[in-house]
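Chemist: here is a sequence together with a model predicted from it:
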Amino acid sequence: MGVVRQQAGAGRLPLPGRALPGGAGWGDGLVLVTYVIWSANVVVTKLAVGPVGPLTFSALRWVLGAGLLAALARWREGPLRWPRGRELAQLTLAAGCGVVINQVSFTWALRLTSADNVSLLAGTAPLGVAGWLAWRRRQRLSTRVWAGLGVGLAGLGLVVLTGAHGRSSVAGDLVGLGLPVSWTAYLLLISPLLSRHPPLALAAMVSLVGSIGLAPLGIVEAVVAPARFDSGVLGLLAFSALAAVTLSGWLYYTGLERLGPTRTSVYGYTQPFLGIVFAAALIGEPIRPLQLVGGVAITLGVLAGRPPAVRVPVLRGGAPAPSP
């Protein structure tokens, strides 16, 4: 990309500068690993929400994960440097969209409609991000990229609709629309803040603010329907907090800084199919042949539909880094 960092920044992952084969860089690998973790976490959450409750489980894992992220950021980079004024308002709004609204939409949509419909709605976020940036003329996307996004969306629909068994409802689908809308808003809001804050510190601050928003909802649900904990549930909670919040938050923000919101969001197409693979491996749910075809279409769509990486210019500590 021809971008030279002005400052390495403390607490960064030690990533080599060379690209991976096939035109992919280390940022692509970090984001893909994040979606693998999140896909496994879908199965983990499915197993845990029965005895604990969806809002209670979400609140617990975010409070624990955010605390660990904050401790890690303090150890690596020193005390968190919270933004002020408009930046603080932007960070709070991003956390409200990407953590609170996204989690509430996810849990309530699952109560009202089928999990397959929820997965399909969540997987449309890449089109939302690309469409918004193209409409605002902030990023020009080629015909190949739009075609790849379309192929990926078709594969996503094939994966999800082939396995549909549960009943759907208009109310559930409307609630589920909060998933792609909130995630699109979150990516667009958080990306500019990466120019002023290290990825690890920003991930910690967003997670802390989001956990504060989720905590009252989890407390209310726990009072109405007390959670039942055992060693198995505690193990699921530990994975969800450590891997799906703490580790993936660090990886995702580092990848987002290197790729920009459009290219990062494209990998969201892979999550429903990876979730099916983990469900088959961990709890024995069958994979249908057409779902495999859809998985191939998703892979082709992601490979063809990745726009060029737009690295966030680094403004921390000195002169701005040159734009890509």
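Modeler: Received the coordinates, thanks.
Chemist: enumerate the positions of the helix or strand containing Thr45 that are buried.
Modeler: Assigned by DSSP states H and E, Thr45 belongs to helix 26-52. Of the residues in helix 26-52, 26-28, 30-49, 52 count as buried by neighbour count, 16 or more other C-beta atoms under 10 Å. All C-beta spots, glycine's among them, are computed from the backbone N, C-alpha and C.
Chemist: could you give the average pLDDT over that helix?
Modeler: Helix 26-52 shows a mean pLDDT of 86.
Chemist: with stretch 211-230 instead?
Modeler: On average, stretch 211-230 scores 92.
Chemist: for stretch 192-203, same thing?
Modeler: 89.
Chemist: what comes up buried for that stretch?
Modeler: Within stretch 192-203, the residues that count as buried by 16+ other C-beta under 10 Å are 193-194, 197-203.
Chemist: which among these gets closest to Leu217?
Modeler: Closest approach to Leu217 among the buried residues of stretch 192-203 (C-beta to C-beta): Ala203, at 21.4 Å.
Chemist: now do the contacts for the closest one.
Modeler: Taking C-beta atoms under 8 Å, 6 or more residues apart in numbering as the contact definition, Ala203 lies against 69, 73, 249-250, 252-253.
Chemist: give me phi/psi at the residue nearest to it when sequence neighbours are not counted?
Modeler: Closest residue to Ala203 apart from its sequence neighbours, by C-beta to C-beta, 6 or more residues apart in numbering: Gly249 at 3.9 Å. When read as degrees, to the nearest 10, the backbone of Gly249 gives phi -60, psi -40.
Chemist: pretty sure Gly249 sits against Leu69.
Modeler: Yes. Here Gly249 lies in contact with Leu69, judged by C-beta atoms under 8 Å, at a distance of 5.6 Å.
Chemist: which of those two has more neighbours?
Modeler: Leu69 (29 against 24; other C-beta atoms under 10 Å).
Chemist: per-residue confidence for that one?
Modeler: pLDDT recorded at Leu69 is 94.
Chemist: what do you get for the one 4 residues further on?
Modeler: In the prediction, the pLDDT value recorded for Ala73 is 93.
Chemist: angle of the host helix or strand of it against helix 26-52?
Modeler: Here Ala73, judged by DSSP H and E, is contained in helix 54-77. Using axes from the mean of the first three to the mean of the last three C-alpha atoms, to 10 degrees, the inter-axis angle of helix 54-77 relative to helix 26-52 is 140 degrees.
Chemist: what comes up buried for helix 54-77?
Modeler: Buried residues in helix 54-77, counted by 16+ other C-beta under 10 Å: 54-70, 72-73, 77.
Chemist: so Leu274 is in contact with Asn41, correct?
Modeler: No. Contact criterion C-beta under 8 Å: Leu274 and Asn41 do not qualify, at 10.5 Å.
Chemist: next, the contact list for Leu64, please.
Modeler: 237, 241, 245.
Chemist: chain neighbours aside, what residue packs nearest to Gly27?
Modeler: What sits nearest to Gly27 in space, not counting adjacent residues and going by C-beta to C-beta, 6+ apart, is Arg258, at 3.1 Å.
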